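1. no FASTA, just this:
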């Protein structure tokens, strides 16, 4: 293979990563600007701010429900074509969100937006991962993650500025030009992937998992909040858990299941998915809790809140260099344990926030938490696929995408539910500092649980995911045959 060909392939991979990242940017900026605008949305719609968590969880649940089919659809119709359709649906749904006049219409538009996001992110990741080798995983996933993390960086101040100067509807309109740009870049720059002939989809498994996850999230989102008739939230929870048990049982019995639970037998995938989900619960709750704490608890404006909140994303700016440096000197297991402990301590410290805290102190606290969060995300993003074969890649990206979005939805729902519970115990009708503090402590405890789970990894787990460790003499670890023996793709 000539040097020029190698450079060309590497350049194409980076171009694909950057183009796919434009979709991740749109999705990430959407989540943070919406969270910043929640108090104004609640006032405009005449509902309690805590009830607007449904505007976030409805989107995340739709993502979770539709992601399992994304890998099959990408294989059947071609990843590039599906990716472009997903961007178009997400962009159109964003416009419908802006045009909605009430909570019901907003939730319906967010569900449609979730359908687009469910295809957009995992299929985009699949476009990239099918073109990289094991030692390029960290570099490739970091190219994906870095531009996407600009979304949370710009989202809070941009959302606050738009909400204060224009209206909350404007936070959805900003997706339209980004979506159009993403469509054009994909059309012009991303190589087309030939459609394949995947096995027939597991429609039973998809239906079971979709209904199960929806019922569970409805139960978690509404329990103890008086939004549904008494006893119905608990019934939804019980039915959802029962259906999920049936889902697992079904998927273990069919040859090509909707969710391939056999992937959990791969230690690195298991840790990145299960322990990573606990970590993501805290990461999902933070963008929801922080703007509410600053605006409702402390009385700050949306813009002021957004400027402070962006600190949690600033730590991601140097993440690519930090991840390479750290993983060149420390084991993957050690990095994940330290990162989970650091981020849980930051969340616990947020429970002590009061209106008397200087803005610079809050900013610094969030900055430190943002660094640990970004480092763990980059590491588990590469670790998840380190030992997955090409044959299982579609199933693995769908599984990972489902787990990621479900964890974020659970984070928001658990935080809102726990706040409602503490309000009920104290007899308050409006959330205060004590309720926000209790929610922060709850999600901090859940993140902390991921540390012991990461500790069960083998000491050499994930070795070779960074280019800095690809030389056997340097790491002393032979790359995984599962991935290296897979047929390479041009």
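-> Alright, I've got the coordinates. This is a predicted model, so every value here is computed, not measured.

2. what about the closest residue to residue 272 other than its chain neighbours, distance to residue 423?
-> For residue 272, ignoring the flanking residues on the chain, the nearest one in space by Cβ to Cβ, 6 or more residues apart in numbering is residue 384 at 3.6 Å. In short, each C-beta sits where N, CA and C put it, glycine included. Distance of residue 384 to residue 423, given as Cβ to Cβ, to the nearest Å: 37 Å.

3. ok, the two, which is more surrounded?
-> residue 384 (29 against 20; other Cβ atoms under 10 Å).

4. and the more buried one, how far from residue 44?
-> Residue 384 sits 40 Å away from residue 44, going by Cβ to Cβ.

5. now residue 298
-> Distance from residue 298 to residue 44, counting by Cβ to Cβ: 21 Å.

6. repeat that for residue 89.
-> Taking Cβ to Cβ, one finds residue 89 at 26 Å from residue 44.

7. among these two, which residue is more densely surrounded?
-> residue 89 (20 against 14).

8. for that one, which residues are in contact?
-> Contacts of residue 89 were listed using Cβ atoms under 8 Å, 6 or more residues apart in numbering, and they are 112-113, 115-116, 119.

9. which of these sits closest to residue 354?
-> Closest approach between the contacts of residue 89 and residue 354, by Cβ to Cβ: residue 113, at 35.5 Å.

10. what residues are up against that closest one?
-> Residues counted as contacts of residue 113 (Cβ under 8 Å, 6+ apart) are 30, 59, 62, 89-90, 93-94, 96-97.

11. at 6 Å what do you get?
-> When the contact criterion is Cβ atoms under 6 Å, 6 or more residues apart in numbering, the partners of residue 113 are 59, 90, 93.

12. check the last one and give its pLDDT.
-> It stands for residue 93. Residue 93 carries a pLDDT value of 91.

13. same check, this time on the first one
-> Listed pLDDT for residue 59 reads 80.

14. so who does it touch?
-> Going by Cβ under 6 Å, 6+ apart, the list of residues near residue 59 reads 110, 113-114.

15. helix/strand/coil for residue 431?
-> coil (DSSP: H, G, I helix; E, B strand; the rest coil).

16. for it, which non-adjacent residue is closest in space?
-> Spatial nearest neighbour of residue 431, chain neighbours left out: residue 419 (5.5 Å); criterion: Cβ to Cβ, 6+ apart.

17. residues near the one you found, how many?
-> Neighbours around residue 419, by other Cβ under 10 Å: 26.

18. assign it to helix, strand or coil.
-> helix.

19. for residue 434, see how far away it is.
-> In terms of Cβ to Cβ, residue 419 sits 10 Å off from residue 434.

20. next one: residue 457
-> 38 Å.

21. and stretch 240-260, end to end?
-> Terminal residues of stretch 240-260 are spaced 19 Å apart (Cα to Cα, to the nearest Å).

22. mean confidence score for it?
-> The average pLDDT within stretch 240-260 is 87.

23. what's the domain layout of the chain?
-> 7-201+258-484, 202-257 (automatic domain parsing).

24. rewinding a little: go through the contacts of residue 59 and flag which are in helices.
-> Counted as lying in helices by DSSP state H, out of these, are 110, 113-114.

25. can you put those in JSON lines and add pLDDT?
-> Formatted as JSON lines, the ones in helices among the contacts of residue 59 follow (pLDDT from 0 to 100):
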{"residue": "110", "pLDDT": "88"}
{"residue": "113", "pLDDT": "88"}
{"residue": "114", "pLDDT": "84"}
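
26. skipping adjacent residues, who's closest to residue 66 in space?
-> Counting by Cβ to Cβ, 6+ apart, residue 118 is the residue found nearest to residue 66 once chain neighbours are left out, at 3.5 Å.

27. now that neighbour: which helix or strand?
-> helix 103-129 (DSSP states H and E).

28. and if you look at residue 71?
-> Using DSSP H and E, residue 71 falls in helix 70-77.

29. residues of stretch 445-455 that come out buried?
-> Residues of stretch 445-455 classed as buried: 446-448, 450-451, 453-454 (neighbour count, 16 or more other Cβ atoms under 10 Å).

30. export those residues as CSV, with columns for pLDDT.
-> As requested, the buried residues of stretch 445-455 are exported to CSV (pLDDT from 0 to 100):
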residue, pLDDT
446, 91
447, 92
448, 93
450, 91
451, 90
453, 90
454, 91
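
31. take those and keep only those in helices.
-> Those of the buried residues of stretch 445-455 lying in helices (DSSP H): 446-448, 450-451, 453-454.

32. and of those, the nearest to residue 294?
-> Of all these, the one with the least separation from residue 294 (Cβ to Cβ) is residue 447, at 20.6 Å.

33. so which residues of the stretch 301-450 of the chain form strands?
-> Here the stretch 301-450 of the chain has no strands by DSSP state E, counting those that start in this stretch.

34. so where's it shaky on pLDDT?
-> Within the stretch 301-450 of the chain, the ranges that satisfy pLDDT under 70 run 310, 312-313, 315-321, 323.

35. again, only using 90
-> Judged by pLDDT under 90, the stretch 301-450 of the chain has its weakly predicted residues at 301-335, 338-339, 350-439.

36. got the contact list for the nearest residue to residue 342 once chain neighbours are set aside?
-> With Cβ to Cβ, 6+ apart as the criterion, residue 342 has its nearest non-adjacent residue at 3.8 Å, and that residue is residue 372. Contacts for residue 372 (Cβ under 6 Å, 6+ apart) come out as 339, 342-343.

37. again, only this time at 10 Å
-> By Cβ atoms under 10 Å, 6 or more residues apart in numbering, residue 372 lies in contact with 279, 315, 335, 338-346.

38. of the residues you listed, which is the nearest to residue 355?
-> Using Cβ to Cβ, residue 346 comes nearest to residue 355 of the contacts of residue 372, at 19.3 Å.

39. roughly how far does the closest one sit from residue 413?
-> Residue 346 is 21 Å from residue 413, by Cβ to Cβ.

40. so those two - more neighbours on which side?
-> Neighbours were counted for residue 346 and for residue 413 using other Cβ under 10 Å; residue 413 has more, 28 against 24.

41. that one contacts residue 233, doesn't it?
-> No. The criterion here is Cβ atoms under 10 Å, and residue 413 misses it with residue 233 at 11.1 Å.

42. rewinding a little: how near is the residue nearest to residue 272 to residue 395?
-> Taking Cβ to Cβ, one finds residue 384 at 12 Å from residue 395.
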